[in-house]
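Engineer: have a look at this prediction, sequence included:
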Number of protein chains: 2
Amino acid sequence: MVKRNAIVGQLGGPTSVINASLSGLIQEGFKSKKIKHILGMRDGITGLLRDRIVDLGKESPEAVRSLKYIPSSILGSSRYILKKKDFQKIIRQLQRYNIGYLFLIGGNGTMEISRQIEQYCKKNDYQINVIGIPKTVDNDLCSTDHAPGFASAARYICLSVLQGGRLARDMQSIDKFVILQTVGRSTGWLAASSIMAKRKEEEAPHLIYIPERPLNRRKFLSSVKECIEKYGWVYIVCGEGIVWEDNSFVASHYSPDTSEKEFGAMGGGSAALNLHRAIYQEMNLRGEFQITESLPMCAMDRASEIDIEEAYACGVKAVKLAEEGFSGGMVSITRTSNNPYKIELNSVPFGEVALKVRLMDDVFINKQGNFVTDEFIKYIKPLVGKIPEYGELRLEKVDF
Amino acid sequence: MVKRNAIVGQLGGPTSVINASLSGLIQEGFKSKKIKHILGMRDGITGLLRDRIVDLGKESPEAVRSLKYIPSSILGSSRYILKKKDFQKIIRQLQRYNIGYLFLIGGNGTMEISRQIEQYCKKNDYQINVIGIPKTVDNDLCSTDHAPGFASAARYICLSVLQGGRLARDMQSIDKFVILQTVGRSTGWLAASSIMAKRKEEEAPHLIYIPERPLNRRKFLSSVKECIEKYGWVYIVCGEGIVWEDNSFVASHYSPDTSEKEFGAMGGGSAALNLHRAIYQEMNLRGEFQITESLPMCAMDRASEIDIEEAYACGVKAVKLAEEGFSGGMVSITRTSNNPYKIELNSVPFGEVALKVRLMDDVFINKQGNFVTDEFIKYIKPLVGKIPEYGELRLEKVDF
């Protein structure tokens, strides 16, 4: 059997565990009888186009193992969208390096690139196995139970809301509201995950706003008021991509969005800021906004252990699929049991995921569109792992 | 010897370790031969005024022990500034509960309140020992090497910049700049602490802007440009209270500052946002801002171990000082050795700390006013504790 070379790239936004997938892929690839060299492209697909190719065989086994616990995209990344003229160049590069296996780690945009390359190679009789490895903190990938990277970012948000919620409660005599903005583009998965910070009704978060449910300004303000009356304070979590009922973004941007796919702080405006302003203008209350932006995408110290292991396993699975001759699809995660939590890895054709956006399921969102359901808690609970529980004092009134 | 009661309050903004001080104080207080009951005031000094007093003797030993690891201010807090008419009420309350020992955990505002109460009691022949316990993430307390709470918040900032720096580096083909804003009011201690994320010149942070050094817009933009040319990207850390050369805040606020002492996101505007806008307008580059606001003030999972122990020890020390008959001052930390790091706890009169702001020492700030010195690294290093080191790959260009 003739061995051929493999090449791997990391595309789109980083996560805490995208290098874990790379680590699994490289280690499994080293063992493969079908793969000779494993190459890496720098800065995503642009590295392939511009011949910035590295030899991952030169890395020490120890470095490859430790990669599992290094956040962000060590090969560099890009959001480059392929142009027609690029495909010829790509096929020339694949030929030049005798690439028989192309692995791209990324989200729905990356799966479209993978699909296009696979089709172009087929049409031009270039034999190659193209396999996608899922990755996104946004969790907006279709046909997979969830995407590696999501659970770790979700855990960061949970810890923030858990601890920020304690602070907000303790400071309620001064500051009445907090708005924490998560990334997540046009989906509310990450904002919704903050629910795992809450154990009692009075605890944060009290309100969760997601792009799947447009906000009505009047209803929003009355929900805020209601919470403050009931709890003495309110902790609001919102996705960066939330919209008003007229479909305009709550975030106002002054910086044009170069990729037409970015939200939030990138554009210079922010949803949290505008909600802050709305509350201040209506109620003249003091409060704060928290915009952690991309920090949850790289916070390895807060990563979900399950997420690390799954991301690693997805890298391993991609090589196994390649060895079986599979091509034209992405590794997917199927949850086979929720209690105990069990998954198996499968594959889905690129067509099912490419450019598609998985919004939050209706069954995960409450009727008022400002919170999540118990169904969602069942979904998210095993993913984020153990969240600390902070005790309370009894704080009994003195009786003398 | 007649035992008298003690009362304790937590004032001002929370920290990750202010409950550790409370835990130390309660446990030491339970052992004291001079203290009968230990009471707590809810929501700071307002709890004393409004008779919201709890009996901490009712707490289980286990709850008091675990308090050491619970972030934020479990008694609640306030930023209430005493009015003339309040003092009579306070002395009546102290008499009513037979308070012989008053402990207030807080910052420079709290030490002023402590000073005023002590003087008023003296003038009115009410025998009481008033002792302050230092607490502030801002580290702006005079006459103490540092303040409990600071190191833990600093560690949060270091982890954010370490991980956010990896992400920014890996994403440099798309996003050219990041601005992370820290709290810290009119001082740059927290922003400066981000230096501990950096091990090599090319790593984040590249520029650190602090309120102690006003910004010149032209120089700021040229430093940013220089870094992007040199490293391909730039990671900027700024304090919330930074000012332009004309002494106007870089942050623009639309919400009036109720206490006249708040900066940043509280006011609805933010320094990071305006720096983001300045860079975008000048260079038309894409980048992001990160405004974690109060999250570093309550992130127990990222707390500095030394900080927890020191905060606890300060609570213990306060009781010991009270037993020795000390009154009218705050527990202070003296660094007796830097390598190995050693401290001892002492006390300083309220007059030395009340309402005073400790700016960063000149020797800690570089000549250009946009970075810190090696002297500062020596100061901060032992406080933040171990910061993870993420490895690198060799990423050697393929040679076939």
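Structural biologist: Received the coordinates, thanks.

Engineer: what segments of chain A are helices?
Structural biologist: Here chain A has its helices, by DSSP state H, at A:18-31, A:45-49, A:61-66, A:86-96, A:108-123, A:150-170, A:189-193, A:217-231, A:271-283, A:305-323, A:350-353, A:374-384.

Engineer: quick check: A:Lys31 vs A:Val319, distance?
Structural biologist: The gap separating A:Lys31 from A:Val319 is 8 Å, by CB to CB, to the nearest Å. Just so you know, the C-beta spots here come from the backbone N, C-alpha and C atoms, and that holds for glycine as well.

Engineer: show me which of those two is the more surrounded one.
Structural biologist: Neighbours of A:Lys31 and A:Val319, each counted by other CB atoms under 10 Å in any protein chain shown, are more numerous for A:Val319; the result is 27 against 10.

Engineer: tell me the contacts of the nearest residue to the more buried one once chain neighbours are set aside?
Structural biologist: Leaving aside its sequence neighbours, A:Val319 sits nearest to A:Glu28 (CB to CB, 6 or more residues apart in numbering or on different chains; 4.0 Å). Residues in contact with A:Glu28 (CB atoms under 8 Å, 6 or more residues apart in numbering or on different chains) are A:Gly315, A:Val316, A:Ala318, A:Val319, A:Lys320.

Engineer: what's the closest of these to chain B?
Structural biologist: Within the contacts of A:Glu28, the smallest distance to chain B is 14.8 Å, found for A:Gly315 (CB to the nearest CB).

Engineer: I'd say that closest one and A:Asn19 touch.
Structural biologist: No: look at A:Gly315 against A:Asn19 with CB atoms under 8 Å: they stay out of range, at 9.4 Å.

Engineer: how about the residues of the stretch 301-400 of chain A that lie near chain B?
Structural biologist: A:301-302, A:388, A:390-400 (CB under 8 Å from any CB of the partner chain).

Engineer: so which of those residues belong to strands?
Structural biologist: Among those, no member falls in strands (DSSP state E).

Engineer: just send the helices of chain A back as TSV, with mean pLDDT too.
Structural biologist: Compiled in TSV, the helices of chain A are given as follows (pLDDT from 0 to 100):
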stretch	mean pLDDT
helix A:18-31	98
helix A:45-49	97
helix A:61-66	97
helix A:86-96	98
helix A:108-123	97
helix A:150-170	98
helix A:189-193	98
helix A:217-231	98
helix A:271-283	92
helix A:305-323	98
helix A:350-353	98
helix A:374-384	98
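
Engineer: winner for burial among those?
Structural biologist: Among the helices of chain A, helix A:189-193 has the highest mean neighbour count (mean count of other CB atoms under 10 Å in any protein chain shown), at a mean of 30.

Engineer: backbone torsions only: list them for the residue in the stretch 201-350 of chain A that chain B sits nearest to.
Structural biologist: Among the residues of the stretch 201-350 of chain A, A:Cys298 lies closest to chain B, at 4.1 Å counting by CB to the nearest CB. With angles defined as degrees, to the nearest 10, A:Cys298 sits at phi -150, psi 20.

Engineer: return the residues in contact with it.
Structural biologist: A:Pro14, A:Thr15, A:Ser16, A:Pro71, A:Ser72, B:Gln163, B:Gly164, B:Arg166, B:Leu167.

Engineer: center of chain A, which residue is that?
Structural biologist: A:Val137 (0.7 Å; CA atoms, centre = their mean).

Engineer: wait, what's in contact with it?
Structural biologist: So A:Val137 contacts A:Gly13, A:Thr15, A:Gly149, A:Phe150, A:Ser152, A:Ala153, A:Val183, A:Gly184, A:Leu190, A:Pro296, A:Met297 (CB under 8 Å, 6+ apart).

Engineer: one more: A:Ser248?
Structural biologist: No residues are in contact with A:Ser248 under the rule CB under 8 Å, 6+ apart.

Engineer: can you read off the pLDDT for it?
Structural biologist: Listed pLDDT for A:Ser248 reads 91.

Engineer: any figure for the gap between it and A:Arg217?
Structural biologist: 11 Å.

Engineer: one more: A:Ser332?
Structural biologist: A:Ser332 sits 39 Å away from A:Arg217, going by CB to CB.

Engineer: outline the domain layout of chain A.
Structural biologist: Following the assignment in automatic domain parsing, chain A carries domains at A:4-136+A:301-353, A:150-298+A:360-384.

Engineer: which ones are touching the closest residue to the residue nearest to the centre of chain A other than its chain neighbours?
Structural biologist: Once flanking residues are discounted, A:Val137 sits nearest to A:Ala153: 3.7 Å by CB to CB, 6+ apart. Contacts for A:Ala153 (CB under 8 Å, 6+ apart) come out as A:Thr15, A:Ser16, A:Val137, A:Val183, A:Leu190, A:Ser193, A:Pro296, A:Met297, A:Ala299.

Engineer: re earlier: now, of the residues of the stretch 301-400 of chain A next to chain B, which are buried?
Structural biologist: The neighbour count (16 or more other CB atoms under 10 Å in any protein chain shown) marks A:Asp301, A:Arg302, A:Tyr390, A:Leu393, A:Leu395, A:Val398 as buried among those.

Engineer: now the first one, nearest residue through space, not along the chain?
Structural biologist: What it means is A:Asp301. B:Leu159 (6.0 Å).

Engineer: also the fourth one?
Structural biologist: In space, not counting the residues next to it along the chain, A:Leu393 is nearest to B:Glu59; the distance is 5.2 Å by CB to CB, 6+ apart.

Engineer: swap in the second one?
Structural biologist: Computed as CB to CB, 6+ apart, the closest residue to A:Arg302 that is not its neighbour in sequence is A:Tyr156, at 4.6 Å.

Engineer: so that neighbour makes contact with A:Met300?
Structural biologist: No: the pair A:Tyr156 / A:Met300 is not scored as a contact, 10.1 Å apart, by CB under 8 Å.

Engineer: quote the end-to-end distance of stretch A:220-240.
Structural biologist: One end of stretch A:220-240 to the other measures 16 Å (CA to CA, to the nearest Å).

Engineer: near chain B, anything from it?
Structural biologist: No: Stretch A:220-240 stays clear of chain B (CB under 8 Å from any CB), getting no nearer than 10.1 Å.

Engineer: sorry, back to before: can I get the contacts of A:Cys298 in TSV including distance to B:Lys381?
Structural biologist: Shown next, in TSV, are the contacts of A:Cys298 (distance: CB to CB, whole Å):
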residue	distance to B:Lys381
A:Pro14	28
A:Thr15	30
A:Ser16	26
A:Pro71	23
A:Ser72	24
B:Gln163	19
B:Gly164	20
B:Arg166	21
B:Leu167	24
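
Engineer: of the residues you listed, closest to A:Phe364?
Structural biologist: A:Phe364 has its nearest neighbour among the contacts of A:Cys298 in A:Thr15, at 21.4 Å by CB to CB.

Engineer: return the residues in contact with the closest one.
Structural biologist: A:71-72, A:135-137, A:148-150, A:152-153, A:297-298, A:311.

Engineer: pull the most distant pair out of those.
Structural biologist: Across the contacts of A:Thr15 (CB to CB), the longest gap, 15.6 Å, separates A:Ser72 and A:Phe150.

Engineer: just the pLDDT at A:Glu260, thanks.
Structural biologist: 41.

Engineer: re earlier: my read: the residue nearest to A:Asp301 touches A:Leu295, true?
Structural biologist: No: contact criterion CB under 8 Å: B:Leu159 and A:Leu295 do not qualify, at 9.1 Å.

Engineer: ok, so of the contacts of A:Thr15, who is nearest A:Lys367?
Structural biologist: A:Phe150 (25.1 Å).

Engineer: show the contacting residues for the residue lying closest to A:Ile210 once chain neighbours are set aside.
Structural biologist: Nearest non-adjacent residue to A:Ile210, counting by CB to CB, 6+ apart: A:Gly188, 2.3 Å away. By CB under 8 Å, 6+ apart, A:Gly188 lies in contact with A:Ile208, A:Tyr209, A:Ile210, A:Pro211, A:Glu212, A:Arg213, A:Gly239, A:Ile242, A:Leu359, A:Met360, A:Ile365.
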